[in-house]
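**Q** Here is a sequence with its predicted model. Questions after.
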Amino acid sequence: MASRPLLNIPDRDLSATRMKVVRATWAAKYFRRFDRGAVLRIAEAVAGAGYERAAHYAEWAVRETGYGVVEHKTLKNRFCTHDLLDHYRDLDLITPRVDQERKIIEIPAPAGVVLALAPVTNPVATVYYKTMLAILSRNAIVLSPHPLARECSADAARYLAVAAEAAGAPSGLVQCIEEPSVELVEDIMASDRINVIMATGGNAMVRAAYSSGNPALGVGPGNGVAYVDPSATVDDAARCLVESKSFDNSILCTNESICLTLERNRGNMERALRTAGAHICNAEDTGRLRDRLWTNGRFNPDAIGKSALWIAKEAGVRVNDATKVLVPVVERPGQDDVLFREKLCPVLALTAALDFDQAVTFAAQAAKRGAGHSAAFHGNDQNRLLAFSNAVPVNRVVVNAPCSQGAAGFATYLPPSFMIGTGYAGRSSVGENVGPQHLVHWTRIAFGRDAPADLSALDFNALPRKPVPVAETRVVDTPGPELTRDTLRTMILEELRNLKGGSG
Amino acid sequence: MFDYGYFSFASKEELLGKAAEYWNPGKVSFWKDAGTPMVIDRREGYRLYDMSGKCLIDLHLNGGTYNFGHRHPELVEVLKSGLDYFDMGNHWFPSVTRAAFAEKLVRTAPHMKYAIFGAGGAEAVEIAIKTARYATGRRKIISIIKGYHGHSGLSVATGDDRFSKIFLADRPDEFIQVPFNDADALERELKKGDVAAFIIETIPATYGFPMPEEGYLKNCQDLCHRYGARFISDEVQTGLMRTGVMWGWQGYGLRPDIFVCGKGLGGGIYPISACLVTEECGQWQIEDGAAHISTAGGSELGCLVGHHVLEMLQRPEVASNIEFVARFFAQSMAEMMARHTDIFRGVRQRGVVLGLEFDHPEGAVAVSRALYENGIWAIFSSLDKRVLQFKPGVVKDVELCQEIMDRFDAAMPRARQLLDRMRKSF
Ligand SMILES: Cc1ncc(COP(=O)(O)O)c(C=O)c1O
């Protein structure tokens, strides 16, 4: 038998995916009319389901991708369930708003169909997160997982879809591309049925999303600088840094890349980091790490999300078994050392400036590689905090907390997010942590300044509501003699039940 | 100027002239008089373009032939790829495409044994009737009044007089008709003990999709078996997921002895039809495999396309879309009917098979015209002109469905006007 078929066959995956998008448009059509109670019920159900299998998918993601730490991925997955829902529960994106004084009425207009790319680094957390955002904003979502995290992502998406439908969501609200390939995703990204793309992933993918011709929310890479001011309690700062860098083996783009302090504080810092579980490298070890992690100026992807022990062994650096983070030391801050670039692994470059001004200058330069992203500040000098934050081109500065978790909203009151908007500095259309509000626009009804407007008797209930419960629903009451809206609906339901007979 | 390279026409008018002169004057003038003088030029997806450039959304689909829309890219790709290797084939010999397609078809209906191929629906009905006669050794065929099974010799004899008498093809002694939804009438005929088969469309299309009453079809099937006759389902319009399941009879809990399908089986791009038979009925194929022969029946290209059509219909995302489309029109039509109760009287629906009843014996003719003027092509039911056949395709998307309803709504005042005019001229 020939190894290649004798006939060409059409791309099954492409047509299946296009059809999924069509299904999503149907689901979006119905879902945009759901009321707040129904939406929250679905969100609640999805959050509950997601929480229940957080550990299961964390384990699967680590097994499938080789990145990160099961325990931490579990936390991240959970974080995108109840915590996320609690954060947004009171953000009403469903009820029309009336501003009596300015004579403006606002009616929410959900995007429609969201195409959501999920990266290999945070595959399931992203599936959870984007699905929750889509539900809270009454959009349908088609998830496109990274090919190397395809199985866990697709399974998680299917699982959430079932939970959503069981809670009353239209079928097709949550779908996943089962066989993602670059060509297929590019084709779908350009589809005129996609209303917005949520792009997380490698720079190429994010740029492709922006080039697709469709509206996109994309985020750029990070390169977090953590400045430890002499006013900080070094032990607390060191604990934060080690906790952050070891969290999921630094796979969040919010992780610190560089620990920057002042020369006079450096000894303290090294001691404190060592106490917190870091291995401070001597010059040879620093060289070995540099050589192992970069080849011709390119970061070696096999080290992404690996543990400190794994990396140390690979690099030939001897460390004790309790080591959580590797700290190469670069004596002087500068532009050229590759160790100052983004490192999605528990390796934290330590450097020291002569004074605060030099520190800020260096931080601002280093952060350009992760422009618009995140930085950390440890210390109690608020003036220096402001000066630092003003000078460094990032959109969030996490203070006295681990940056991995802090910038993503775990350890701070920032919105919980796996899409860290990098703003115009980071070639992104959003500068804040992306939330459901980014997936809804508002129709604004504005009266003339001098025109009289009585906005007291608006009946929003007359707007079409959830027209057909899309999940199989049993109707108990029988239609009365007159044809009211309700009896009509009941008749339709009857009709619907008859549409699809059981198979014989 | 319409220059197609192989031939050209100066205008639509010229074409209509030539068509009347060389092809079929009756049909040409009929559509002109009906106010829907369409000459389909370009076609794509669910849209047709008249030679005048006018765009029409196709809700006729030629009875489901264009279930997937016109020239569905995936099906076109399959056919093109098939043309690099196959042709019609030689109907005398076994072939890879026929064997593969027959197996795929039989697997959709596991109690069937063989798939026998034709090129059109009537030919498949022909095979069905011959098969039933072979299996029973009886000659009589019962069908319903206003049933429709095609225009070939045996099939046309099952149908309305209008199509058989003109060719002296009616055979009243062998072909009996009973009223639809009347199992007693069927039993009276069956009782005579000389009936080979009862043939019925699962939902009679040309009769305007009247719905079989609860238990009627099952009852008919059981009666056939009680009196030694075979039960034939004509699935030419109700098959291929159009009622929400692959074959309409599945939704009614039936097990026909024979069933036929056609139209959409060839994806609208290569004609193919099939008659599926049980092992018991298919014995003639053992006795004399060449007893039925058709050069164009089961052509290999058609088999290849049909094979892919089934595969596409079996995809879960397609099934889900059918549900959405069916649900959408159930709801929208109910609303539309409430808005236009004076003329729009009823909806018959199962899946994406719909019949819309209007308040005049020829109401659907007027509505068809009003819709045509508003960019929708939907045809009246030839045998019950009160009823408009309304047949959405299985991969329609939400935008198009909404557009259809918007156009439908816009067409209603014109329909009302045309109906008033008809009432006055009566
Ligand atoms: C139910 C039914 N059976 C049979 C036929 C005949 O098919 P064909 O025209 O392909 O011969 C048709 C055609 O409209 C039909 O609707």
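**A** Sure, I can see it.
**Q** For the residue of the stretch 101-250 of chain A found nearest the ligand, grab the count of nearby residues.
**A** The nearest approach of the stretch 101-250 of chain A to the ligand comes at A:Ser171, 30.9 Å away (CB to the nearest ligand atom). For the C-beta atoms, the positions are set from N, CA and C on the backbone; glycine is no exception. Neighbour count of A:Ser171, defined by other CB atoms under 10 Å in any protein chain shown: 19.
**Q** Phi first, then psi, for it.
**A** Main-chain torsions, A:Ser171, degrees, to the nearest 10: phi -70, psi 140.
**Q** All the helices of the stretch 201-350 of chain A, residue numbers only.
**A** For the stretch 201-350 of chain A, the helices defined by DSSP state H, counting those that start in this stretch cover A:203-211, A:234-246, A:266-276, A:283-293, A:308-315.
**Q** Export those as JSON lines, with columns for distance to chain B and mean neighbour count.
**A** Shown next, in JSON lines, are those (distance: least, CB to the nearest CB, whole Å; neighbours: other CB atoms under 10 Å in any protein chain shown):
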{"stretch": "helix A:203-211", "distance to chain B": "23", "mean neighbour count": "17"}
{"stretch": "helix A:234-246", "distance to chain B": "42", "mean neighbour count": "24"}
{"stretch": "helix A:266-276", "distance to chain B": "52", "mean neighbour count": "18"}
{"stretch": "helix A:283-293", "distance to chain B": "44", "mean neighbour count": "18"}
{"stretch": "helix A:308-315", "distance to chain B": "41", "mean neighbour count": "20"}
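**Q** how about TSV for those helices, with distance to B:Arg386 added?
**A** As requested, the helices of the stretch 201-350 of chain A are exported to TSV (distance: least, CB to CB, whole Å):
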stretch	distance to B:Arg386
helix A:203-211	53
helix A:234-246	74
helix A:266-276	84
helix A:283-293	79
helix A:308-315	77
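**Q** can you put the ones you listed in JSON lines and add distance to the ligand?
**A** JSON lines is the format used below for these (distance: least, CB to the nearest ligand atom, whole Å):
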{"stretch": "helix A:203-211", "distance to the ligand": "47"}
{"stretch": "helix A:234-246", "distance to the ligand": "70"}
{"stretch": "helix A:266-276", "distance to the ligand": "79"}
{"stretch": "helix A:283-293", "distance to the ligand": "69"}
{"stretch": "helix A:308-315", "distance to the ligand": "68"}
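**Q** Make CSV out of those and add mean pLDDT.
**A** Output for these, formatted as CSV (pLDDT from 0 to 100):
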stretch, mean pLDDT
helix A:203-211, 90
helix A:234-246, 97
helix A:266-276, 97
helix A:283-293, 96
helix A:308-315, 97
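**Q** on that earlier part again, next one, pLDDT for the residue of the stretch 101-250 of chain A closest to the ligand please.
**A** For A:Ser171, the pLDDT comes out at 92.
**Q** same check, this time on the one 4 residues further on
**A** On pLDDT, A:Gln175 comes in at 97.
**Q** if we can go back for a sec, quick one, which of the helices of the stretch 201-350 of chain A is nearest to B:Gly5?
**A** In terms of CB to CB, the element of the helices of the stretch 201-350 of chain A nearest to B:Gly5 is helix A:203-211, at 38.3 Å.
**Q** Who are the packing partners of that closest one?
**A** Helix A:203-211 sits against helix A:182-189, strand A:196-199, strand A:216-218, with contacts defined as 3 or more CB pairs under 8 Å, 6 or more residues apart in numbering or on different chains; DSSP states H and E.
**Q** Tell me how many other residues crowd A:Glu106.
**A** A:Glu106 has 16 nearby residues by other CB under 10 Å.
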